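Chemist: Need a 3D model of the following:
(chains A and B)
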Amino acid sequence: AQSVTQLDSQVPVFEEAPVELRCNYSSSVSVYLFWYVQYPNQGLQLLLKYLSGSTLVKGINGFEAEFNKSQTSFHLRKPSVHISDTAEYFCAVNLIQGAQKLVFGQGTRLTINP
Amino acid sequence: DTGVSQDPRHKITKRGQNVTFRCDPISEHNRLYWYRQTLGQGPEFLTYFQNEAQLEKSRLLSDRFSAERPKGSFSTLEIQRTEQGDSAMYLCASSPQSDTQYFGPGTRLTVL
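Modeler: Numbers count the residues shown, from 1 in each chain, chains lettered A, B, ... in the order given. Predicted coordinates:
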């Protein structure tokens, strides 16, 4: 079975500061990796995904993530955050084969302070 | 591209009542998923359809839950005899025959 651990439940940062949201996963087989963002009372929006190839992937809104196979991590980064980045962020994995159901971490609440 | 839509967005019901939610996926997406998200948690998989066939169900989906996708397009999720523990956000997602799932806005259920 697959599992995802988001190491920080809350991350407060000041506007224009850099941020890193940490994600570790566990799986005995190959997986795809995703980051989704959820604004209050809304569904999930895909930020970025890693399928194969370059381990550094770029997404929307200036976010990027790096896949590290040896450390089984997929940390999300942004060099300079804005107030509008305040949201809940979810890391997820799914199997490359079969139903490809997503397994999510518990989420990290990113709060941007002015 | 109109995105995934869900109806209703909010539902308040009394314990013991039945409720039904609808999901309209992105046109021509043959895969459809239902997830449940409780407060402060990540979404959890409930069930998956490929076209009209329900191919996988989670153990979270008790006998009181049933999902259908009769013509391989929209899907419904019904909860019978609701309990307070059913209060959650119910999310629908669709996917073409590929890796990425696109989520709807969700239906928030409150059971009093």
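Chemist: Smallest distance to chain A belongs to which residue of chain B?
Modeler: residue B:42 (3.2 Å; C-beta to the nearest C-beta). C-beta coordinates here come from the backbone N, C-alpha and C atoms, glycine included.
Chemist: Show me which residues of chain A sit near chain B.
Modeler: Contact residues (C-beta under 8 Å from any C-beta of the partner chain) of chain A with chain B: A:4, A:32, A:34, A:36, A:41-46, A:49, A:51, A:90, A:92, A:94, A:96, A:99-107.
Chemist: which non-adjacent residue is nearest the residue of chain B closest to chain A?
Modeler: Spatial nearest neighbour of residue B:42, chain neighbours left out: residue A:104 (3.2 Å); criterion: C-beta to C-beta, 6 or more residues apart in numbering or on different chains.
Chemist: so where do the strands sit in chain B?
Modeler: B:5-7, B:10-13, B:19-24, B:31-37, B:44-50, B:53-57, B:65-68, B:75-79, B:88-95, B:102-103, B:107-111 (DSSP state E).
Chemist: Distance to residue A:112 added to those strands, as TSV?
Modeler: Below are the strands of chain B laid out as TSV (distance: least, C-beta to C-beta, whole Å):
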stretch	distance to residue A:112
strand B:5-7	28
strand B:10-13	27
strand B:19-24	32
strand B:31-37	23
strand B:44-50	28
strand B:53-57	38
strand B:65-68	38
strand B:75-79	35
strand B:88-95	23
strand B:102-103	23
strand B:107-111	25
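Chemist: For the residue nearest the centre of chain B, which residues are in contact?
Modeler: In chain B, the centroid-proximal residue (C-alpha atoms, centre = their mean) is residue B:34; its distance is 3.7 Å. Contact analysis of residue B:34 by C-beta atoms under 8 Å, 6 or more residues apart in numbering or on different chains lists B:23, B:45-48, B:67, B:75, B:77, B:90-92.
Chemist: rewinding a little: hang on, the residue nearest to residue B:42 packs against residue A:90?
Modeler: Yes. The criterion here is C-beta atoms under 8 Å, and residue A:104 meets it with residue A:90 at 5.1 Å.
Chemist: Overlap of the contact sets of the two?
Modeler: Listed contacts common to residue A:104 and residue A:90 are A:36, B:42-43; contacts here mean C-beta under 8 Å, 6+ apart.
Chemist: Buried subset of the residues of chain A next to chain B as a PyMOL selection?
Modeler: To isolate the buried subset of the residues of chain A next to chain B in PyMOL, counting by 16 or more other C-beta atoms under 10 Å in any protein chain shown, use the following:
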select buried, chain A and resi 4+32+34+36+43+44+46+49+90+92+94+99+100+101+102+103+104+105+107
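Chemist: The residue nearest to residue B:14 when sequence neighbours are not counted: neighbour count?
Modeler: Leaving aside its sequence neighbours, residue B:14 sits nearest to residue B:112 (C-beta to C-beta, 6+ apart; 5.3 Å). Per other C-beta atoms under 10 Å in any protein chain shown, the neighbour tally for residue B:112 reads 10.
Chemist: and residue B:112, what does it touch?
Modeler: Shown in contact with residue B:112 (C-beta under 8 Å, 6+ apart): B:12-15, B:84.
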